[in-house]
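Asks: fold the following, please.
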Amino acid sequence: MYLPRHREAIWKYNNPAVRNYLHIAAAREYNLSSKMTAAENVCYTLINVPNDSEPPSEVSLKADLEKGEIKAKTEALKKVIIMILNGEKLPGLLMTIIRFVLPLQDHTIKKLLLVFWEIVPKTTPDGKLLQEMILVCDAYRKDLQHPNEFIRGSTLRFLCKLKESELLEPLMPAIRACLEHRHSYVRRNAVLAIYTIYRNFENLIPDAPELIHDFLVNEKDASCKRNAFMMLIHADQDRALDYLSTCIDQVHTFGDILQLVIVELIYKVCHANPSERARFIRCIYNLLQSSSPAVKYEAAGTLVTLSSAPTAIKAAAQCYIDLIIKESDNNVKLIVLDRLVELKEHPTHERVLQDLVMDILRVLSTPDLEVRKKTLQLALDLVSSRNVEELVIVLKKEVIKTNNVTEHEDTDKFRQLLVRTLHSCSVRFPDMAANVIPVLMEFLSDTNEAAAADVLEFVREAIQRFDNLRPLIIEKMLEVFHAIKTVKIYRGALWILGEYCSTKDDIQSVMTEVRRSLGEIPIVENEIRKEAGDVKPEEEVSVAPAAKLVTEMGTYVTQSALSSSRPSKKEEDRPPLRGFLMDGDFYVAASLATTLTKLALRYVAIVQEKKRQNSFVAESMLIMATILHLGKSSLPKKPITDDDVDRISLCLKVLSECSPLMNDIFNTECRKSLSHMLTVRLEEEKLSQKKESEKRNVLVQADDPISFMQLTAKNETTSKEDQFQLSLLAAMGNTLKKEAADPLASKLNKVTQLTGFSDPVYAEAYVHVNQYDIVLDVLVVNQTNDTLQNCTLELATLGDLKLVEKPSPLTLAPHDFANIKANVKVASTENGIIFGNIVYDVSGAASDRNCVVLSDIHIDIMDYIQPAACTDAEFRQMWAEFEWENKVTVNTNIADLNEYLHHILSSTNMKCLTPEKALSGFCGFMAANLYARSIFGEDALANVSIEKPIHLGPDAPVNGHIRIRAKSQGMALSLGDKINLSQKKSSV
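Replies: So this is what the prediction gives:
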């Protein structure tokens, strides 16, 4: 099995340990270079091997095959097949099977015999064909002439797997005759048999292309024509093109399986010879109208690679859009949307797609949120001044539709997406803001806080940027103010009204709305009077024992609760602001105090009449005082916090003094802060857009080398790679191209040693991590002079890993080696461990089974984590929702805060959400939010709070904490372990 040079070199050494080591090295090199292990050969038939049964003896099998009933012979034949797969030779049974089993006409027996003849050794050790195979060949010939079409077809399929030309040569006339059989199953398998024989042994049927071409011209069945045409593509492309030329106008009438092969042929021909494009591009255009979605998809992809003309790109994009709308499978929709996104990345194609934005928006009729999200993002990337008006009209209609749909979680999220898209359109095209704002303002009263918060953020940015829209926004805000249902939105609306109401009438309107929302004042007396109207005063209020509670800041407060027989209707009748206050939410009261202070100071500056000035200021101070009184009483569910008391008291003091400094802070500096924040955000967005556009622009430098396709080596092709071959490799999980491109990504770097060099069985594993599973390629080397029977790799897993199937037992000759492959399914993102042992029997020994314990294989969580992005609001929401937290103490030798942060980012595959400007500079302290998402859709959050103790000198290491939050315990713990292991920077 080794390479010849290895066999000669190994036995020069007398030391057994050296010989064993060389055996391992030779096996490893043979494994990595030849790639011809049993597990990697082409597999035709998968057979399940039960491991719990004892292997039967050859004598008992021979008896069952000779004298048993059909059922017994069937079972015996199955056992023989399994034993041969496990490495047993069983030469004595070959003639028994030929004499007693081969003549039987039972269909199950015949199916099993095809498997048996596929795997049984057919040659002697010196490579000559066994004499018994002449009898088997005669049986093949009879089966090829059998009246049952299933037996004929199965035999033809079996002949595709044979690699012995001596067996195939006598069968050629019978195979040719099958091309004229009445049944299509036989004919299409005859074409496959002729193709494989022609590919492997051209001398046996040299006229195969001509034969198949004639067959194709006269054939009517779609599957037979497809197989024949496929053979001509690979065997004689010129004949395939000749046939296609004769029927190119009838291609649209062919079956979809034949149309797919025609698309592949056209792609390959035009790929190799671009001058043929004009000949076949009309055919591709016609196939865009095919009734098969698969044909339309492949034809559109081929058309894009063959032509960059605007008409071609438009036709392909229109085809993609139709596919998305008509296909019901969401996965198909997402895949085709990705194709549209790829088209958009090309600068010239982007202009064509901009005209199709309205067609793309038809995809929003899909109920799936992920499809809608990707569609809106694509439409937003393609929006221009030509189509923005139509886009906004469609989005407004979609927003209104969501208001009429039954409330559902996805409906709320879709409304948020629409609001954000309209927000982005209005920022990029300010003329659209006036049309958008009136529709969106109605959603401030929505019960879904997230959608209302997005609207509020949009309104805040619009009122700051667009001075001409301020009267309209304030008017609409005052209209919906009384209908706002959530306290967070109420606070934001108060702030906007307090900041931007600048006329006397607007200020008076805000005060009217506040009084309307607050109800009659003083609040405490009014509430007590309400209670007195229903029950006697002495029965009305009973103070419960004081209870200790923990505030959001972590401090203890004492609360006294009033128990009374108040009907729930009274609570429903309360105005919104009073309801918030009675529920104990006094943060909104602090916001109201700030708003009233701004309005009062502005009112004093506008109105010259002293009486009116004093009246407005006094009314504002009365509202603040009555809220303070309410907070100190025992009526609310929660008492007012000290922070809110300080804020309201400060506002009272400002109004009582009315100093110019405070006037400037309240009415000027606040707005400057908002303006600065919005400016910084806009600059960041422009910078990111500029980077994206630079990536997409195809720039050719003056000194760039010119690439001639005719002179390019096969391994140097880039954009001219065969897309069909690439997609096939991707589907098979073949990553050899990437590994070959990067010399450091050698397989040897991923090899894990499982046993010691002195163990009787040496084992090492190459761990290949795919997206949802792990493939273990285990090399097993017999280092003894004995034959090891039933050598079995037994594996077990720890964590969220699952062994898909148990590896089959093997028989290893002295100093032989073999490869065993095992698949492990991964269900979630957490560190996993694979452990186990190798058990075997020594041939001829009477002792019990031997066992070699394997080292553990640790699966790294980083293979499944990818950097991701989210908004600050989403981060805070997830931080509040996730229940698992892991706090990691910083213990590192890194002395720089920024360096430590980048080290953690590179070690954990997480993305820093905190802007670069917020992290710049040095103050001895740093706080940053990190985010990542696993391939299984699990979110991982982290908050880094670190500091550098300046008093310990410039070389003092960073200290602090990293808090990790995740929805699952495994994710939080695994990420914490990874950070702990990689905190310290390795010294080079």
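
Asks: can we go C-alpha only for contacts and neighbour counts from here?
Replies: Fine.

Asks: what strand or helix carries residue 311?
Replies: helix 310-326 (DSSP states H and E).

Asks: can you name every helix or strand that that helix contacts?
Replies: Contact here means 3 or more C-alpha pairs under 8 Å, 6 or more residues apart in numbering; DSSP states H and E; on that basis helix 310-326 packs against helix 293-306, helix 330-345, helix 347-354, helix 357-360.

Asks: so which of those is the most packed in?
Replies: Of the helices and strands packed on helix 310-326, the one with the most neighbours on average (mean count of other C-alpha atoms under 10 Å) is helix 293-306, at a mean of 22.

Asks: do you know how far residue 604 is from residue 593?
Replies: 16 Å (C-alpha to C-alpha, to the nearest Å).

Asks: look at these two and report which has more neighbours.
Replies: residue 593 (27 against 18; other C-alpha atoms under 10 Å).

Asks: give me the element the more buried one is part of.
Replies: helix 587-606.

Asks: dump the C-alpha coordinates for that helix into PDB.
Replies: Only the C-alpha atoms of helix 587-606 are listed here, as PDB (Å, rounded to 0.1, in the frame of the first residue of the first chain):
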ATOM      1  CA  TYR A 587     -38.800  59.500  35.400                       C
ATOM      2  CA  VAL A 588     -41.500  61.000  33.000                       C
ATOM      3  CA  ALA A 589     -42.200  63.600  35.700                       C
ATOM      4  CA  ALA A 590     -38.500  64.700  35.600                       C
ATOM      5  CA  SER A 591     -38.800  64.900  31.800                       C
ATOM      6  CA  LEU A 592     -42.000  66.900  32.100                       C
ATOM      7  CA  ALA A 593     -40.300  69.300  34.600                       C
ATOM      8  CA  THR A 594     -37.400  69.900  32.100                       C
ATOM      9  CA  THR A 595     -39.900  70.500  29.200                       C
ATOM     10  CA  LEU A 596     -42.000  73.000  31.300                       C
ATOM     11  CA  THR A 597     -38.800  74.800  32.300                       C
ATOM     12  CA  LYS A 598     -37.800  75.300  28.700                       C
ATOM     13  CA  LEU A 599     -41.200  76.400  27.600                       C
ATOM     14  CA  ALA A 600     -41.600  78.800  30.600                       C
ATOM     15  CA  LEU A 601     -38.200  80.400  29.900                       C
ATOM     16  CA  ARG A 602     -39.000  80.700  26.200                       C
ATOM     17  CA  TYR A 603     -42.500  82.100  27.000                       C
ATOM     18  CA  VAL A 604     -41.000  84.800  29.200                       C
ATOM     19  CA  ALA A 605     -38.700  85.800  26.400                       C
ATOM     20  CA  ILE A 606     -41.500  86.000  23.800                       C
END
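
Asks: how about it: buried residues?
Replies: For helix 587-606, a neighbour-count test (16 or more other C-alpha atoms under 10 Å) marks 587-604 as buried.

Asks: and the gap between the residue nearest to residue 799 when sequence neighbours are not counted and residue 435?
Replies: Spatially, and ignoring its direct neighbours in sequence, residue 799 is nearest to residue 832 (4.8 Å; C-alpha to C-alpha, 6 or more residues apart in numbering). Counting by C-alpha to C-alpha, the gap from residue 832 to residue 435 is 55 Å.

Asks: more neighbours: those two, which one.
Replies: Ranked by neighbour count (other C-alpha under 10 Å), residue 832 and residue 435 place residue 832 first, with 19 against 14.

Asks: next up, the contacts around the more buried one.
Replies: 797-801, 858-860 (C-alpha atoms under 8 Å, 6 or more residues apart in numbering).

Asks: quick check on the residues you listed: which are buried?
Replies: Buried among these by 16+ other C-alpha under 10 Å: 797, 799, 801, 859-860.

Asks: what residues does residue 139 make contact with?
Replies: By C-alpha under 8 Å, 6+ apart, the contact list for residue 139 reads 102-103.

Asks: give me the distance between it and residue 459.
Replies: 84 Å.

Asks: also residue 482?
Replies: 17 Å.

Asks: how about residue 935?
Replies: Taking C-alpha to C-alpha, one finds residue 935 at 36 Å from residue 459.

Asks: re earlier: more crowded one of residue 482 and residue 459?
Replies: residue 459 (23 against 17).

Asks: I figured the more buried one hits residue 439, correct?
Replies: No - using C-alpha atoms under 8 Å as the test, residue 459 is too far from residue 439 to be in contact (11.5 Å).

Asks: got any residues that touch both of these two?
Replies: Listed as contacting both residue 459 and residue 439 by C-alpha under 8 Å, 6+ apart is no residue at all.

Asks: now do the contacts for residue 843.
Replies: 786-789.

Asks: in the helix holding residue 311, what's buried?
Replies: Along helix 310-326, these residues count as buried under the neighbour rule (16+ other C-alpha under 10 Å): 312-325.

Asks: contact partners of the helix or strand hosting residue 619?
Replies: Per DSSP H and E: residue 619 is located in helix 610-632. Applying C-alpha under 8 Å, 6+ apart, the set of residues contacting helix 610-632 from outside is 521-524, 584, 586, 589, 593, 596-597, 600, 603-604, 607, 636, 639-640, 645, 648, 652, 655.

Asks: I'd like the next helix or strand past that helix.
Replies: Using DSSP H and E, the first helix or strand after helix 610-632 is helix 642-657.

Asks: contacts for that following helix, please.
Replies: 586-587, 589-590, 593-594, 597, 600-601, 617, 621, 624, 628, 662.

Asks: that helix relative to helix 610-632, how many degrees between them?
Replies: Between helix 642-657 and helix 610-632, the angle comes out at 160 degrees (axes from the mean of the first three to the mean of the last three C-alpha atoms, to 10 degrees).
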